[in-house]
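S.K.: Sharing a sequence plus its predicted fold:
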Amino acid sequence: MEQTTFETNDAAKDGQTKCPKCGATDISLNAATGELRCNFCRTTFKAESLDDMAAGVGDLQGEQVSTGAADISNAEEDQTMTLKCSSCGAEVVINLAESTQARCHWCRNTLSVNAKVPNGAVPDVVLPFKMKKQEAEGLISKYVGDRQFFANKTFKSEFTTDNIMGVYFPYMLVDMKGHATFSGEGEIKTGSYTRKISDDNSETVYKVDSYSVQRECDVEIDDLTVESSARREGASTKGETNNIINAILPFDTENSVKYDSNYLKGFTSEKRDVNKSDLQPVVDSQEKEAIKFALNDSVKQYDRGVRWDNVNVDKQGEKWLAAYLPVWLYSYVQNPGQSNQLIHYVAVNARTSETVGSVPLNLGRMWTVILTVGIILEALASGIVFGVMKTWDIESWVKLVIIALPIIVAAIVGFSIYNKYRNTSARHHFESETKINVTNITKSDNKIRHFETTDSTMNGANNKTVFIEHIKKEAGK
């Protein structure tokens, strides 16, 4: 596709808005309404919207890249710069007109202008905070409070909502219009029966019809949202617990407004440091996955699953915008300065209240509870096997299963505790939460063969599984 660049900040070179009533430039955000407020005459007003946010995806033609999403320049802005944290390596954007120092929103380290790095591009749009700090404090306190029993003792004594910061994180918003073709094989169960394989054993046999399956459709995707910070791309970094800025998606990005630095007052922000070309593989992969899941309604008859072997998306148009999206962030450094230092986060989506995080574990208490439960259950199981069942005519393997069951239960209990507190698998379910519209679906279903199998589901079925292609970069690239 031919690429074109369109301007998003031509009307306001400095990115600031004046009060429409008195002309003052002392403007700040009213977090209760998401509107701007003049601190001189107290007038509140809505920020300017970006026409390109309202433009329909159906009108897309060619590859369109906004000025905010263009490749990052090393040129610094007049009033903003990025400070590099000497403690954890994060890069934080500050407005020099307001302050010459700031705190890192990841590890709370104080930043200095002596550690500045070249600035990234100014975003096209910003989604204003629409939640006061007090509300975020309540949500984070509840999140931590629900995880008190197995929480680390030091963490519980040091936890305070004073450490919560409002942060604008960088994302790319991608619209796409195109035509998709999926082809593969699907299976339908037509019946089953039980087959005896020995005097004591039997197996279930499934009767299956196999079909050649093809689906074609027109597709429109609106505001596919991907992180545009190399530090956070797709997964946690070493020494951190989870990728919270991915997990708290989605945002109501349709309510974003044209970028204005007034929205940054009282908050910190993190710069975009990856270009469109770096993110394109992730976007391509997520677009395909979103289409695949949207097509599942058209293959419901294949109760054993569908294996899509060939997928092609012919893009007619794609549009990229850079955005700042709002997050309330709490961070806690466990074992600071040591080789096993670990940074935990609890974050709140400042638009939807979605709360995701990690709480340090009291491993001693956790293992004590798990082992105690396991020992008690093992004693009960052994008593059943060697007592009640001693005179029963039961296969040895059944007794072994009963004895092993407490170990399995203890493992499940341990995993549940760990997952609740550490939440390492948290992620944005883009495949089902992306705004997508598939139309003009054409179907082709041709029976290939009938066969019997002992497998209860189709081998290789992928229509309900997610494949995510992550960006892999060489060190220093």
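M.R.: Looks like it came in fine. This one's a predicted model, so the numbers in the text were calculated from it and none came from an experiment. Numbers count the residues shown, from 1 in each chain.
S.K.: Show me what the longest helix belonging to the chain packs onto, helices and strands only.
M.R.: What stands out as the longest helix in the chain, according to DSSP state H, is helix 396-422. Judged by 3 or more CB pairs under 8 Å, 6 or more residues apart in numbering; DSSP states H and E, helix 396-422 is in contact with helix 363-383. C-betas here are computed from N, CA, C, even on glycine.
S.K.: Distance from the helix it packs on to the middle of the chain?
M.R.: Remark: helix 363-383 is offset 35 Å from the chain centroid, using CA atoms, centre = their mean, to the nearest Å.
S.K.: Measure how it sits relative to helix 396-422, angle-wise.
M.R.: Angle of helix 363-383 versus helix 396-422, following axes from the mean of the first three to the mean of the last three CA atoms, to 10 degrees, is 160 degrees.
S.K.: Convert helix 363-383 to PDB, retaining C-alpha atoms only.
M.R.: Below are the C-alpha coordinates for helix 363-383, written out as PDB (Å, rounded to 0.1, in the frame of the first residue of the first chain):
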ATOM      1  CA  LEU A 363       6.400 -17.700  50.700                       C
ATOM      2  CA  GLY A 364       6.900 -19.200  54.100                       C
ATOM      3  CA  ARG A 365       3.200 -18.900  55.000                       C
ATOM      4  CA  MET A 366       2.100 -20.100  51.600                       C
ATOM      5  CA  TRP A 367       4.200 -23.200  51.700                       C
ATOM      6  CA  THR A 368       3.200 -23.900  55.300                       C
ATOM      7  CA  VAL A 369      -0.500 -23.900  54.300                       C
ATOM      8  CA  ILE A 370       0.100 -25.900  51.100                       C
ATOM      9  CA  LEU A 371       2.100 -28.600  53.000                       C
ATOM     10  CA  THR A 372      -0.300 -28.700  55.900                       C
ATOM     11  CA  VAL A 373      -3.200 -29.200  53.500                       C
ATOM     12  CA  GLY A 374      -1.200 -31.800  51.600                       C
ATOM     13  CA  ILE A 375      -0.200 -33.800  54.700                       C
ATOM     14  CA  ILE A 376      -3.800 -33.800  56.100                       C
ATOM     15  CA  LEU A 377      -5.200 -35.000  52.800                       C
ATOM     16  CA  GLU A 378      -2.400 -37.500  52.300                       C
ATOM     17  CA  ALA A 379      -3.200 -39.000  55.800                       C
ATOM     18  CA  LEU A 380      -6.800 -39.300  55.000                       C
ATOM     19  CA  ALA A 381      -6.100 -40.900  51.600                       C
ATOM     20  CA  SER A 382      -3.700 -43.300  53.100                       C
ATOM     21  CA  GLY A 383      -6.200 -44.200  55.700                       C
END
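S.K.: distance of the closest residue to residue 175 other than its chain neighbours from residue 333?
M.R.: What sits nearest to residue 175 in space, not counting adjacent residues and going by CB to CB, 6 or more residues apart in numbering, is residue 319, at 4.3 Å. Relative to residue 333, residue 319 is positioned 40 Å away (CB to CB, to the nearest Å).
S.K.: For those two, indicate the residue with more neighbours.
M.R.: Neighbours were counted for residue 319 and for residue 333 using other CB atoms under 10 Å; residue 319 has more, 25 against 20.
S.K.: correct me, but the more buried one touches residue 60?
M.R.: Yes. With contact defined as CB atoms under 8 Å, residue 319 counts as touching residue 60 (5.9 Å).
S.K.: tell me, what's touching the two both at once?
M.R.: Common neighbours of residue 319 and residue 60, counting by CB atoms under 8 Å, 6 or more residues apart in numbering, are 175-176.
S.K.: I'd like to know how far residue 35 sits from residue 48.
M.R.: 12 Å.
S.K.: now swap in residue 378 and tell me
M.R.: Counting by CB to CB - residue 378 and residue 48 are separated by 67 Å.
S.K.: more neighbours, the two?
M.R.: Remark: of residue 378 and residue 48, residue 378 carries more neighbours, 17 against 14, as counted by other CB under 10 Å.
S.K.: Now for the closest residue to the more buried one other than its chain neighbours: which residues touch it?
M.R.: The shortest distance from residue 378 to any non-neighbouring residue, by CB to CB, 6+ apart, is to residue 406 (4.4 Å). Contact analysis of residue 406 by CB under 8 Å, 6+ apart lists 373-374, 377-378, 380-381.
S.K.: Sort these by pLDDT and name the bottom one.
M.R.: In terms of pLDDT, residue 381 ranks lowest among the contacts of residue 406, with 68.
S.K.: ok, and the helix or strand in the chain with the lowest average confidence?
M.R.: The helix or strand of the chain with the lowest confidence, counting by mean pLDDT, DSSP states H and E, is strand 116-117 at a mean of 60.
S.K.: mind checking how far the next helix-or-strand element following that one is from the chain centre?
M.R.: Downstream of strand 116-117, the first helix or strand assigned by DSSP states H and E is strand 125-126. Centroid separation for strand 125-126 versus its chain: 19 Å, with CA atoms, centre = their mean.
S.K.: Which residues outside strand 125-126 are in contact with it?
M.R.: For strand 125-126, the surrounding residues in contact (CB under 8 Å, 6+ apart) are 8, 50, 53, 68, 168, 173, 256-260, 263, 321-324.
S.K.: Pick out whichever of those sits closest to residue 192.
M.R.: Nearest to residue 192 among the contacts of strand 125-126, counting by CB to CB, is residue 173 at 47.9 Å.
S.K.: hey, where'd the helices end up in the stretch 151-300 of the chain?
M.R.: Here the stretch 151-300 of the chain has its helices, by DSSP state H, counting those that start in this stretch, at 153-158, 244-247, 276-294.
S.K.: Would you mark the buried spots in the first one?
M.R.: What it means is helix 153-158. In terms of neighbour count (16 or more other CB atoms under 10 Å), helix 153-158 has its buried residues at residue 155.
S.K.: What average pLDDT does that helix get?
M.R.: With pLDDT averaged residue by residue, helix 153-158 scores 94.
S.K.: Buried by neighbour count: which residues of stretch 19-33 qualify?
M.R.: Using 16+ other CB under 10 Å as the test for burial, stretch 19-33 gives 19, 27, 29, 31.
S.K.: go on, stretch 217-230?
M.R.: Of the residues in stretch 217-230, 217-229 count as buried by neighbour count, 16+ other CB under 10 Å.
S.K.: Could you report the distance from the residue sitting nearest the centre point of the chain to residue 354?
M.R.: Residue closest to the average C-alpha location in the chain (CA atoms, centre = their mean): residue 246, at 2.5 Å. Residue 246 is 12 Å from residue 354, where distance means CB to CB.
S.K.: ok so, going back, can you list the contacts of residue 406 in JSON lines and add distance to residue 272?
M.R.: Converted to JSON lines, the contacts of residue 406 look like this (distance: CB to CB, whole Å):
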{"residue": "373", "distance to residue 272": "47"}
{"residue": "374", "distance to residue 272": "48"}
{"residue": "377", "distance to residue 272": "52"}
{"residue": "378", "distance to residue 272": "54"}
{"residue": "380", "distance to residue 272": "57"}
{"residue": "381", "distance to residue 272": "56"}
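S.K.: Fine by me, thanks again.
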